[in-house]
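J.: Predicted model and sequence below, questions to follow.
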2 protein chains.
Amino acid sequence: MDTDDAIESLSALAHPGRLAVFRLLVQAGTEGMPAGEIARAFNTPANTMSTQLAILTRAGLIRSRRASRSVIYSADYGEVAGLLGFLMQDCCQGRPEVCAPVLQAASCCAPNTTAKETTS
Amino acid sequence: MDTDDAIESLSALAHPGRLAVFRLLVQAGTEGMPAGEIARAFNTPANTMSTQLAILTRAGLIRSRRASRSVIYSADYGEVAGLLGFLMQDCCQGRPEVCAPVLQAASCCAPNTTAKETTS
DNA sequence: GCCAAATTTCTACGAACGTGGAAATATGGA
DNA sequence: TCCATATTTCCACGTTCGTAGAAATTTGGC
């Protein structure tokens, strides 16, 4: 993840419609959702939604696969991880407690950790 | 953190100059850095930098405090935490391993955890 | 091959953003 | 009070973004 990648991802998410789409796909999980169904979920014309999905895809935030006539989109969690790492790079030079809140926010679904509810 | 807050934070960061400023302040820690020094660090006119700092401040990503003639800016890590929580809300309905990469990325400086280097 | 369904590409217009000059405002020293 | 320093606000220009109509493309059924 370099600056250009980060800008592309952040710009893609900095739009109410696209942000909503991405969050919907995050919740949809690996199974994903067809383009038409996404467009219908937000009452958006198919061509407009196609543009938004293309922008999210170019940013690496979502992936697509074809299933017969439909194109299924799904979230790519790795891109968020990369973005977070880029943003918080060298955040805690000797003082781990400084960026502890971020760690807490990420542990929503930790496999081995007790998820604390400290959403500041 | 609601949608509007998230959009404001993401928009603020979706700009090469502001992203660089925020990352600089993340690394500067709680001590922070005066506006003039930040402007000089990027060879940016003071008024332009002032505008960028104002945008980051309005988004809640940085704070400012006055120290005599200077205004010191510093990063607000909590906003990143909130943003991350908002993005990944309900990311792992029953399948914690799905969004594990994000947790890994956040554990750069975990106080109690062994930081693994799996930057995807 | 022909038609319908699903999605994408092309295009253009209005809206929002980024930049920095000039002027205004705050702070501290003499 | 007067001046220098530090930062911010005002403003206007050019550039980029968002949207959706129309047309093109891909896929599957018959």
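T.: Perfect, I can see it now.

J.: any idea what sits nearest A:Gly17, other than its immediate chain neighbours?
T.: Nearest residue to A:Gly17 in three dimensions, chain neighbours excluded: A:Gln52, at 5.7 Å (Cβ to Cβ, 6 or more residues apart in numbering or on different chains). Heads up, the C-betas are built off the backbone N, CA and C, glycines and all.

J.: Contacts only, for the one you found.
T.: Contact partners of A:Gln52, counting by Cβ atoms under 8 Å, 6 or more residues apart in numbering or on different chains, are A:15, A:17-18, A:21, A:44.

J.: what does A:Arg23 give?
T.: Taking Cβ under 8 Å, 6+ apart, we find A:Arg23 in contact with B:86-87, B:89.

J.: same check, this time on A:Gly32
T.: So A:Gly32 contacts A:25, A:65, A:72-75 (Cβ under 8 Å, 6+ apart).

J.: A:Leu10 too?
T.: Going by Cβ under 8 Å, 6+ apart, A:Leu10 touches A:83, B:10, B:13-14, B:19.

J.: then the lowest-mean-pLDDT helix or strand in chain A to CSV, C-alphas only?
T.: Sorting the helices and strands of chain A by mean pLDDT, DSSP states H and E puts helix A:100-106 at the bottom, at a mean of 81. Below are the C-alpha coordinates for helix A:100-106, written out as CSV (Å, rounded to 0.1, in the frame of the first residue of the first chain):
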residue,chain,number,x,y,z
ALA,A,100,-4.7,1.3,21.7
PRO,A,101,-8.2,2.6,20.8
VAL,A,102,-7.6,1.6,17.2
LEU,A,103,-6.7,-1.9,18.2
GLN,A,104,-9.9,-2.1,20.3
ALA,A,105,-12.0,-1.0,17.3
ALA,A,106,-10.5,-3.7,15.1
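
J.: what about it, near chain B?
T.: Yes. If you take Cβ under 8 Å from any Cβ of the partner chain as the test, helix A:100-106 does meet chain B, through A:100-106.

J.: Make TSV from the residues you listed and add neighbour count and distance to B:Asp5 to it.
T.: Listed next are the residues of helix A:100-106 next to chain B as TSV, based on neighbours: other Cβ atoms under 10 Å in any protein chain shown; distance: Cβ to Cβ, whole Å:
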residue	neighbour count	distance to B:Asp5
A:Ala100	19	21
A:Pro101	22	16
A:Val102	28	16
A:Leu103	26	21
A:Gln104	22	18
A:Ala105	28	14
A:Ala106	27	18
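
J.: out of the residues you listed, who's nearest A:Ala35?
T.: A:Ala106 (29.4 Å; Cβ to Cβ).

J.: and the nearest residue to the closest one once chain neighbours are set aside, what is it in contact with?
T.: Using Cβ to Cβ, 6+ apart and skipping the chain neighbours, the partner closest in space to A:Ala106 is B:Ala106 (3.5 Å). By Cβ under 8 Å, 6+ apart, the contact set of B:Ala106 is A:84, A:88, A:102-103, A:105-107, B:84.
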